[in-house]
Each structure stands twice: as structure tokens, then as C-alpha cells.
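Engineer: Everything below, folded, please.
(one chain, ligands or ions: 1)
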Amino acid sequence: MSLYAELHRHLGGSVVPRILWRYFKRNRPDLAKPFADYPQFEEFYCRPRESLAEYLELHTLVESVQTRETLPYFIYRLIRGAYVFENLAYMEMRYTPYLRTSDQLSQTERIDQTAEIVEIVGQASQVKEYPIVTSQILCMHARLPYEVNRAIVEIAAQMPEYVCGIDLAGGDDLYCDRMDEFVDLYAYARSLNLKTTCHLYETEGGAHPELLPYLMRIGHGIQIPLQHPELLPAVAQRRQCLEICPTTYLKTGTLQSIQQLQVVFDRCFDAGVDVAICTDNAGLHNVRLPFEYETLLTQDVISFDQLRACQENAFRHAFAWPLNQGPAAILNDVLNWAPAALKPTRATVAT
Ligand SMILES: [Zn+2]
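Structural biologist: Numbering: from 1, shown residues only. Sure thing, here's the model as predicted:
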């Protein structure tokens, strides 16, 4: 069995439609009511959107039910599915914890509750029967005020047992007016030794070179090879890894065909820029990580060698994978060095 690493998965978009539907039916009939049956809900939940903005609206539906009380329910099912169906050995989950706090509270009280949410998510991710190495990336949000985003950075730095890095989300075309703020927040994060990624160069409006020097990885970044290939040598030199999430670009209308990713991969490989393949919102898309791999192969977007390189990149660029090699290397070591008694013999195979 291959074991994989997932670097870009949103907690909000990680709930598969069947799990969400069951939750609505049992606990929030008001949210299930507009739909005649499950197929109608699935069609609504998974259908492509006109734009990234419209697509991100769906996150608010899930965020509204991912509360302090319900997060363990959803996370248990996320970990179980990732272990059983996706062969994940490692997963970074990202979300904006402030948006899971009670909106009845003041901003200060919500900031206080944010650390509690991080703790709840961290505890719920440790599922004995489905062992996956997990960590959290806390997302600052383009629509949240500076004070809240700064508090998110500080909480990330204060909770290394649960958090491995920070991100900025909410639509990369919204950063412009507040670019000084975001540069300041990333510089602050780096001063606290936090690892960094950022939703950037996802759409054509998301070209913000000011943020690039502060990042270890780039969330999406597909517009760099597509529209700004002159930036690739600097990205390679900074050893920044692109987190490419193929299904997303079709669901947001950013790309019309998966074939358009071929030039993205080819230009990155040619320039020596590492790429990891990720799901972004596996639940919302109803597409799991191995299926992302298989689609890229069967559609001739990448070769097997490129796929293997991307899978290894995911472990190499993981913020919290505790080893300096991926699971395949560990298994090879076991096969090479295990005492003969542990190796299967012809006789044991025959029985
Ligand atoms: Zn994302």
C-alpha cells in the first residue's frame, strides 16, 4: 500500500456530502429542508461554481455547523475516511479557527475562544484506530480585521503541539487594498519562526509578488507558470513548493479543462520548482487524493515519474512530518535490513 501526504485540505471543505447530509437530517432539519432528497443535495453541494467567490460561499454553510460542540464529530469522520480510503500517512488541515467561535461573543471573547477551538481540533485529530500524523495550518482571512489575523498568528506560534504553520485565505483578489497589513503579518509570523503558505496566484487577480519572499510554500500558485513564468527561477531558488489542487480550478471556473494543467507541471519541472498535488476541498468536490493522482495520469497531464516526484515532494515540504524520508523509504529499509526470519519464504507464501 502506498502512503500519501496531503498538504492542502480545508476543514470546511473536507466534509463529504453524504456525511454532511446525514448530519443535517439528524441535527439541522432546517438546513436539509430545501432539498427533496440526498441526490438533490449532492448536486447542489458538488456542482461547479461560476467563480472563486461563489465557490467560497459554500464554506460558510459548513463553517456554520462546525462549532466547538460538533467539530469532534466531523474530524473523526475526516480522519477515518482519510485513513481508510485515501491511504494518508500525513495530513495538514487548514481552517480559520476564529470562524468556528460563537458569533454571539465580542471580538475579544471570540479571540479568546479561538485557542480553545485549536485545542479541540488537535485533540479530535488523534484517533487511535486510524493513525495519521496530522497538524493544523491556521488561516488568516481576507475579510477579517487586522487584530483578529494578528491574534491568529500569535495563537499559531503559541501552540506548536497542534499547529505547524499559517496561511491566508478568503479569495486572493481581495488582498490588494490591505497588502501592507498582510506583508506585515507574514513578516511577524516569520519573526515567530512560523512556517508559511498563502493562497496566492490562484486566479488572475491573485498576483501579489510582495508576499512571495515570506513563503515556504504557495497555495495553488498556478498563475505563476501560466501567466508569470519569469518568476519561476526565483521560486525555485527559494525552494518554494506549489500546492496544486487540480479539481478546484474546474469547480471555480479558473480553468476550463484539466489539460491546461499540463503546462503548469511542465514549466515547474523544467524550472526546478517542486509541486505537491493536493485536494483543497475533498468533501466539497467528492474527490479523494488518490483519484486526483489517477485523473492526472489518465488524462495525460503528468507522467508516472512526475507523479512519484510530486508524492515525494509532499513529504519533503510537509511542515510537520517528523522524519527526513517518506514511508516508501522506510519500508525499503525494512525490506533490506529485516532479519531473514521476518522475510516471507517460499514455504510461508505457499501456505
Ligand atoms: Zn485552499
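
Engineer: Sketch out the low-pLDDT regions of the protein for me.
Structural biologist: Judged against pLDDT under 70, the low-scoring parts of the chain cover residues 1, 338-351.

Engineer: Where do the strands of it begin and end?
Structural biologist: 4-10, 88-95, 133-141, 163-169, 195-196, 199-200, 217-220, 241-244, 275-277 (DSSP state E).

Engineer: can you list those in JSON lines and add distance to residue 269 and mean neighbour count?
Structural biologist: No exception for glycine: its C-beta is placed from N, CA and C like everyone else's. Conversion of the strands of the chain to JSON lines gives the following (distance: least, Cβ to Cβ, whole Å; neighbours: other Cβ atoms under 10 Å):
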{"stretch": "strand 4-10", "distance to residue 269": "18", "mean neighbour count": "26"}
{"stretch": "strand 88-95", "distance to residue 269": "23", "mean neighbour count": "25"}
{"stretch": "strand 133-141", "distance to residue 269": "26", "mean neighbour count": "24"}
{"stretch": "strand 163-169", "distance to residue 269": "25", "mean neighbour count": "25"}
{"stretch": "strand 195-196", "distance to residue 269": "24", "mean neighbour count": "22"}
{"stretch": "strand 199-200", "distance to residue 269": "20", "mean neighbour count": "25"}
{"stretch": "strand 217-220", "distance to residue 269": "16", "mean neighbour count": "26"}
{"stretch": "strand 241-244", "distance to residue 269": "11", "mean neighbour count": "27"}
{"stretch": "strand 275-277", "distance to residue 269": "8", "mean neighbour count": "25"}
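
Engineer: Dump the ones you listed to TSV, plus distance to residue 38.
Structural biologist: As requested, the strands of the chain are exported to TSV (distance: least, Cβ to Cβ, whole Å):
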stretch	distance to residue 38
strand 4-10	23
strand 88-95	25
strand 133-141	29
strand 163-169	29
strand 195-196	39
strand 199-200	31
strand 217-220	31
strand 241-244	31
strand 275-277	29
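
Engineer: so which of these gets nearest residue 306?
Structural biologist: Proximity to residue 306, assessed across the strands of the chain by Cβ to Cβ, is greatest for strand 275-277 (8.3 Å).

Engineer: What sits closest to residue 85 if chain neighbours are left out?
Structural biologist: When the adjacent residues along the chain are set aside, residue 85 lies closest to residue 288, with 5.6 Å between them (Cβ to Cβ, 6 or more residues apart in numbering).

Engineer: who's in contact with the one you found?
Structural biologist: Neighbour list for residue 288: 81, 85-86, 279, 282 [criterion: Cβ atoms under 8 Å, 6 or more residues apart in numbering].

Engineer: before we move on, what about residue 308?
Structural biologist: Contact analysis of residue 308 by Cβ under 8 Å, 6+ apart lists nothing.

Engineer: before we move on, back to that, list phi and psi for the residue nearest to residue 85.
Structural biologist: The phi and psi torsions at residue 288 (degrees, to the nearest 10) take the values phi -90, psi 160.

Engineer: Against residue 83, how distant is it?
Structural biologist: Noted for residue 288: a distance of 12 Å to residue 83, by Cβ to Cβ, to the nearest Å.

Engineer: And the helices in the stretch 201-350 of the chain, which stretches?
Structural biologist: Taking DSSP state H, counting those that start in this stretch to define them, one finds helices in the stretch 201-350 of the chain at 223-227, 232-237, 246-251, 261-271, 282-285, 289-298, 304-316, 327-337, 346-350.

Engineer: which of these is buried the deepest?
Structural biologist: Comparing those by mean neighbour count (mean count of other Cβ atoms under 10 Å), helix 282-285 comes out on top with a mean of 26.

Engineer: Give me the residues contacting that one.
Structural biologist: Residues from elsewhere that reach helix 282-285, judged by Cβ under 8 Å, 6+ apart: 9, 13-17, 19-20, 45-46, 58, 78, 86, 247-248, 251, 279, 288-289.

Engineer: Just the CA coordinates for that helix, please, in CSV.
Structural biologist: Provided in CSV are the C-alpha atoms of helix 282-285 (Å, rounded to 0.1, in the frame of the first residue of the first chain):
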residue,chain,number,x,y,z
ALA,A,282,-12.0,16.9,-1.0
GLY,A,283,-15.5,16.7,0.5
LEU,A,284,-16.9,19.6,-1.5
HIS,A,285,-15.5,18.1,-4.6
